[in-house]
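Participant: need the 3D shape of this:
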Amino acid sequence: MFEDFRNKTLQEDGMIFPSNIYRQIVLQPAYDEAKKNFLTIMLQINIAHLKMLEEQGLVTTDEAKQIGVALKKIDLNYYRLEEYNPQYEDLFFRIENKLIAFAGDVAGNLHIGRSRNDMGIAIYRMTLRKKLLLLMHELLKLRDDLIAAAEEHIDTIMIGYTHTQQAQPTTFAHYLKAVIDQLERDFERMQHAYKTVNRSSMGAAALTTTGFNINRERMRDLLAFDDIIENAWDAVAGADYIAETASIVQLAALNLGRTSQDFLLWATQEFNAFTLASPYVQISSIMPQKRNPVSIEHTRSLLSAVVGDASTVLQMVHNTPFGDIVDTEDDMQPYLWRAIDRLIGIYNLFGSLVVTMDVNKKKLRDRAENSFANVTELADTLVRSEGISFRQAHSIVSKCIKVLLAHGEESLASLTWGLANTQSKLITGKELNISQEDFYETLKPESFVGVRTLLGGPAPATMKAALERSKLNTHHLYEWVRLKESAIFEAEKQLTIFIEEWN
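Facilitator: Reported below is the predicted structural model:
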């Protein structure tokens, strides 16, 4: 009976490597990802390694020329379109086979002092660093959009919430500045991840380096890495570069997800804080009045997908041996690429909807005025004007609110100087010193915001200064990304010059 199952499986799945199912679920997907993402980088590593071998005297000038001519003959577009061929295990062997066909056996010397292990890790890192730079650039563009929106809304009064309940008056600019600052921390974490990612594994070979006198420092420079992973075992085994990146991408998505949740709530007709521009809403097939804020919904759900893909990466690393192993390679990498690509698109979408939406300034201001959100400042003012403790002032105001609520009043419009004076006499035994004019001025949300001039507060002058500091820092953030992109570009240009010199 068992032999029947065995023979049937071998007949259906094949008698030689690779089996049909192994090719279908492992080799074919890995090849498709490789030909889409790795061809150019693989060629660049081949050129750099060949140049280093020539400089080290490990191949002669004539041999380098033969191999260089063969490298130039490789038609990358052909391989981008070609389907997986089970005759070759992966893209590396397929390219190597073609080089040997072009240059003869001498092309086999291109593999002196290296392995698919150290080469593969270098490919992953070079792919990831470019995606990180694209992500960071898009983050900075979103930051620009939010700064512009914040400058527009420095005087847009709104209620701030704690524990989902009305807390204190603030401004929309104050809220957006908090998001901007959070984005800057996300950027700083990405900078650190980039430093971890942009280190060269070349020269580690399989895991113990090589007996050939190769130059690891030269490979670092030729491929625009910032550093070398010194320990060869670490170079091929360490997956923390991708785990760190997954963690910061996941956190960045969680951070923006909280803001998207706020926006989705504020877009309801009950909140009516803003109206999205027409390109970012969809209608109902049955309800004529609907303007569904689907762009925010998609933002929130896709951010959750980013979190999920990043979590998959971390789970795939979990409990794997500390060595070269496929769990951290072909099967894992696409999850992080997809998370980054999605987050890039979300940053673009979110920035667009923020700068195009119409904020209902009057509704937000009226809501702040017709609430109890301003009473913290009344308590603060009574401390200053009456010379009493904050706890006494707090008690006076609290008693006033309880009286109003008991009579069905739900806003400060019903809070009078007389009521406060009555509560003052009951609690402190003294009448109020504050004038009625100053008392009622204190109850205005503009007054509440205006006195909060401390660093980090929403007062207009404070907020303008804070946004100005953010704008001044913009150049330095973009410049950091530009310098990293420029280093890669210059290295790639130099590799192109090398291959032309051989041809």
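
Participant: surely residue 14 is in contact with residue 20?
Facilitator: Yes. Between residue 14 and residue 20 there is a contact under C-beta atoms under 8 Å: 5.2 Å. C-betas here are computed from N, CA, C, even on glycine.

Participant: looking at these two, which has the bigger crowd around it?
Facilitator: Taking other C-beta atoms under 10 Å, residue 14 and residue 20 do not tie; residue 14 has more neighbours (15 against 11).

Participant: phi, psi for the more buried one please.
Facilitator: Here is the backbone geometry of residue 14 (degrees, to the nearest 10): phi 110, psi 160.

Participant: same thing with residue 170?
Facilitator: According to degrees, to the nearest 10, residue 170 has phi -150, psi -160.

Participant: burial check on it, number of neighbours?
Facilitator: Residues within reach of residue 170, counting by other C-beta under 10 Å, total 24.

Participant: do the same with the one 3 residues further on
Facilitator: Other residues near residue 173 number 26, with proximity taken as other C-beta under 10 Å.

Participant: which residues touch it?
Facilitator: Residue 173 makes contact with 150, 151, 152, 153, 154, 156, 458, 463, 467, according to C-beta atoms under 8 Å, 6 or more residues apart in numbering.

Participant: which pLDDT does the model give the fifth one?
Facilitator: Model confidence at residue 154, expressed as pLDDT, equals 98.

Participant: which of the helices or strands spans it?
Facilitator: Here residue 154 sits in a region with no helix or strand, counting by DSSP states H and E.

Participant: separation between it and residue 181?
Facilitator: 16 Å (C-beta to C-beta, to the nearest Å).

Participant: then the fourth one?
Facilitator: Shown here: residue 153 relative to residue 181, a distance of 16 Å by C-beta to C-beta.

Participant: check contacts around residue 186.
Facilitator: Neighbouring residues of residue 186 by C-beta under 8 Å, 6+ apart: 139, 248, 251, 252, 255.

Participant: could you say which helix or strand holds it?
Facilitator: Using DSSP H and E, residue 186 falls in helix 172-197.

Participant: gap between that helix and the chain center?
Facilitator: Relative to the centre of its chain, helix 172-197 is centred 9 Å away, using C-alpha atoms, centre = their mean, to the nearest Å.

Participant: stretch 481-490 too?
Facilitator: Distance of stretch 481-490 from the chain centroid (C-alpha atoms, centre = their mean) equals 20 Å.

Participant: can you give me the buried ones in that stretch?
Facilitator: The neighbour-count check on stretch 481-490 (16 or more other C-beta atoms under 10 Å) flags 481, 484, 485, 488 as buried.

Participant: how far out from the middle of the chain is the helix or strand encompassing the last one?
Facilitator: Applying DSSP H and E as the criterion places residue 488 in helix 460-502. Distance of helix 460-502 from the chain centroid (C-alpha atoms, centre = their mean) equals 17 Å.

Participant: please apply the same query to stretch 332-339.
Facilitator: With C-alpha atoms, centre = their mean, you get 13 Å for stretch 332-339.

Participant: pLDDT weak spots in the chain?
Facilitator: The chain contains residues with pLDDT under 70 at 284-285, 288, 290.
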